[in-house]
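Colleague: Dropping a prediction and its sequence here:
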Amino acid sequence: MATGESRDGTSHGHSKRQRLQLLDVTGLPEDGPESAGPWATTVSLAKACIEVAERQRAAADLRLPYSNVDVRRLPPGADLGGLAAQLGALARLKELNLGSSRLSGQLQLLLGTLQGPLESLELPFCSLLPCDLCYLSQSPHAPALKKLDLSGNNLSASLLQPFVELLVAAAASLLHLDVMECRLRDAQLQALLPPLQRCARLRSLGLFGNPLSMAALRALLLGTAPLPDLRLVVYPYPVDCYRDDLPPSSSSSFLSDGAVDEERLARAAAELQDLLRSAGRADAVWTTSLSAPGVPDCIEL
């Protein structure tokens, strides 16, 4: 269920520096009294954390993506307190991934028990609420964060201002930011540009899947060009490059799989490259692909 390695890839028996690399819950049994749905999965996760905490106190990296935790479907009287307590038992936890768990309104409960600030926090598709980001922006985690992934959360409305405050709080430490498929349009990106410009150490920015125009991408490029370490931006297909107008409620599937005019897209990419050269940032990679050369190196902590 749990595997550990040193940072250089050596196994338990060959290194004193161990960390939890992966907690895999895909093999949990589907039969028996504990298979009562998402809450049973949460109980199993808490038990797994207990085992990890007891056997591997040096755990630094915990990943629980696709765990089916859904606070909207907990049994009466149940909460995530057990899981929160076990997370708090991991004394050296620095990196946490809770992707695709519906944690609406529960972030303070889960992170408030941790013994130290996180350096990496991945919360994609977690149905976060404004109170979650408000807590995070005021918590000890914010000024320590090097990597933050909020992809799949709707940052275009009530989450926007708390997200701005979070970026300001994390500006001195943040290296990697992913906000893919967050329904960000030009107006929201304009509001995010000033706090982004304060992230002096930022190395990578993920924006794929947001309905942004070329005008917004130009402003972003010119506004962030002075950031010396920003070497990678994964940008969306500009809305200008689609053959058909976006529907009123555009989905990320349309943005990624819609009818893109390849000639327009090529012209847009060439224009961005020209702007990078003119700004003296030919070293930066602006791409619509996560498989572009150099991407893995850019996203390492």
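Modeller: Yep, that arrived.

Colleague: need the strands for the stretch 151-300 of the chain, in chain order.
Modeller: 176-178, 204-206, 232-234, 285-287 (DSSP state E, counting those that start in this stretch).

Colleague: With mean neighbour count as extra columns, can I get these in CSV?
Modeller: Where C-beta positions appear, they are placed from N, C-alpha and C, glycine not excepted. Putting these into CSV (neighbours: other C-beta atoms under 10 Å) gives the following:
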stretch, mean neighbour count
strand 176-178, 21
strand 204-206, 23
strand 232-234, 22
strand 285-287, 19
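
Colleague: mind putting these in TSV, mean pLDDT and distance to residue 98 included?
Modeller: Below are the strands of the stretch 151-300 of the chain laid out as TSV (pLDDT from 0 to 100; distance: least, C-beta to C-beta, whole Å):
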stretch	mean pLDDT	distance to residue 98
strand 176-178	97	14
strand 204-206	96	18
strand 232-234	96	22
strand 285-287	96	28
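
Colleague: Just send the ones you listed back as a markdown table, with distance to residue 273 too.
Modeller: Listed next are these as a markdown table, based on distance: least, C-beta to C-beta, whole Å:
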| stretch | distance to residue 273 |
| --- | --- |
| strand 176-178 | 22 |
| strand 204-206 | 17 |
| strand 232-234 | 12 |
| strand 285-287 | 7 |
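
Colleague: quick one, which of the ones you listed is nearest to residue 83?
Modeller: Taking C-beta to C-beta, strand 176-178 is the member of the strands of the stretch 151-300 of the chain nearest to residue 83, at 23.9 Å.

Colleague: Low-confidence ranges, the protein, go.
Modeller: For the chain, applying pLDDT under 70 flags the ranges 1-59, 65-79, 244-258, 292-301.

Colleague: hey, where'd the helices end up in it?
Modeller: 38-55, 81-88, 107-111, 130-138, 160-170, 186-197, 214-224, 252-257, 262-278, 295-298 (DSSP state H).

Colleague: With mean neighbour count as extra columns, can I get those in CSV?
Modeller: Shown next, in CSV, are the helices of the chain (neighbours: other C-beta under 10 Å):
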stretch, mean neighbour count
helix 38-55, 18
helix 81-88, 19
helix 107-111, 20
helix 130-138, 20
helix 160-170, 21
helix 186-197, 17
helix 214-224, 18
helix 252-257, 15
helix 262-278, 14
helix 295-298, 14
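
Colleague: Adding distance to residue 151, write the ones you listed out as JSON lines.
Modeller: Shown next, in JSON lines, are those (distance: least, C-beta to C-beta, whole Å):
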{"stretch": "helix 38-55", "distance to residue 151": "21"}
{"stretch": "helix 81-88", "distance to residue 151": "22"}
{"stretch": "helix 107-111", "distance to residue 151": "16"}
{"stretch": "helix 130-138", "distance to residue 151": "14"}
{"stretch": "helix 160-170", "distance to residue 151": "12"}
{"stretch": "helix 186-197", "distance to residue 151": "14"}
{"stretch": "helix 214-224", "distance to residue 151": "17"}
{"stretch": "helix 252-257", "distance to residue 151": "10"}
{"stretch": "helix 262-278", "distance to residue 151": "22"}
{"stretch": "helix 295-298", "distance to residue 151": "15"}
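
Colleague: Nearest to residue 288 among these would be which one?
Modeller: When those are compared (using C-beta to C-beta), the closest one is helix 262-278, at 7.8 Å.

Colleague: What helices and strands are in contact with the closest one?
Modeller: helix 214-224, strand 285-287 (3 or more C-beta pairs under 8 Å, 6 or more residues apart in numbering; DSSP states H and E).

Colleague: What lies in contact with that helix?
Modeller: 214, 217-218, 221-222, 225, 235, 237-238, 240-241, 282, 284, 286, 288 (C-beta atoms under 8 Å, 6 or more residues apart in numbering).

Colleague: how about the residues you listed, which pair is most distant?
Modeller: Between any two of the contacts of helix 262-278 (C-beta to C-beta), the greatest distance is 23.9 Å, for 240 and 282.

Colleague: out of the two, which sits in the busier spot?
Modeller: Ranked by neighbour count (other C-beta atoms under 10 Å), residue 240 and residue 282 place residue 240 first, with 15 against 9.

Colleague: so that one makes contact with residue 216?
Modeller: No - counting by C-beta atoms under 8 Å, residue 240 sits too far from residue 216 to count as a contact (10.1 Å).

Colleague: Pull up the overlap in contacts between these two.
Modeller: If you check residue 240 and residue 216 against C-beta under 8 Å, 6+ apart, no residue is contacted by both.

Colleague: For the stretch 1-150 of the chain, which segments count as strands?
Modeller: Using DSSP E, counting those that start in this stretch, the strands of the stretch 1-150 of the chain run over 2-5, 19-23, 61-63, 95-97, 120-122, 147-149.
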